[in-house]
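Chemist: below are the sequence and a predicted model; questions follow.
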Amino acid sequence: MHTIKIPLHEIDVATARSRGPGGQNVNKTESKVVLRFPVAKSKTLNESQKSIVLEKLANRINKMGELIVSAESERAQHRNYLEAMEKLQDMIREALIPEKERYATKIPKQEKVKRLVEKKVRSHIKKGRSGIQSADLY
């Protein structure tokens, strides 16, 4: 498995006030980190890698073609920055892993027979529930 190192100059880093733990500190510090990585403009990824990332991570990419990753679980901005960078690297790495090719398999004959037998049993049970039986009349 190959690793791709994204240079820092390709990533736009922004900070914001975070939700969650931190007490009064959360109201005055910007500990949330938001990373924006413009996939289409990247010089690190080749064209095929760009198209794969754009396709697989489409729900994380905005209209301007930026992959957005944020982290706000930690109280310290630096730790959130490291977490966001790791998330970004992992997302791109996982997107570039080729999917295993699927091949058609045949359902075993015994499985088909078993399914049909279970259907017949179930049908018999349901027929037994319906209406008045001739034996019930006498």
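Modeler: Happy to help now that I have it.

Chemist: got the phi and psi for Ala95?
Modeler: phi -70, psi -30 (degrees, to the nearest 10).

Chemist: buried sites along the longest helix anywhere in the chain?
Modeler: Of all the segments of type helix in the chain, defined by DSSP state H, the longest one is helix 109-129. When burial is assessed from 16 or more other CB atoms under 10 Å, helix 109-129 yields no buried residues. Bear in mind the C-beta positions are built from the backbone N, C-alpha and C, glycine included.

Chemist: which other helices and strands does it contact?
Modeler: Helix 109-129 sits against no helix or strand, with contacts defined as 3 or more CB pairs under 8 Å, 6 or more residues apart in numbering; DSSP states H and E.

Chemist: got the CA positions of it in CSV?
Modeler: Output of helix 109-129 as CSV, limited to C-alpha atoms (Å, rounded to 0.1, in the frame of the first residue of the first chain):
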residue,chain,number,x,y,z
LYS,A,109,-28.3,-26.9,-5.2
GLN,A,110,-28.8,-27.9,-1.6
GLU,A,111,-29.5,-24.3,-0.6
LYS,A,112,-32.2,-24.1,-3.3
VAL,A,113,-33.8,-27.3,-2.2
LYS,A,114,-33.7,-26.2,1.5
ARG,A,115,-35.4,-22.9,0.6
LEU,A,116,-38.2,-24.7,-1.3
VAL,A,117,-38.8,-27.2,1.5
GLU,A,118,-39.0,-24.3,4.0
LYS,A,119,-41.5,-22.5,1.8
LYS,A,120,-43.7,-25.7,1.6
VAL,A,121,-43.7,-26.1,5.3
ARG,A,122,-44.6,-22.5,5.9
SER,A,123,-47.4,-22.7,3.3
HIS,A,124,-48.8,-25.8,5.1
ILE,A,125,-48.7,-24.0,8.4
LYS,A,126,-50.6,-21.0,7.0
LYS,A,127,-53.2,-23.2,5.2
GLY,A,128,-53.9,-24.8,8.6
ARG,A,129,-54.9,-21.4,10.0
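
Chemist: if anything else comes up later, I'll come back, but that's it for now.
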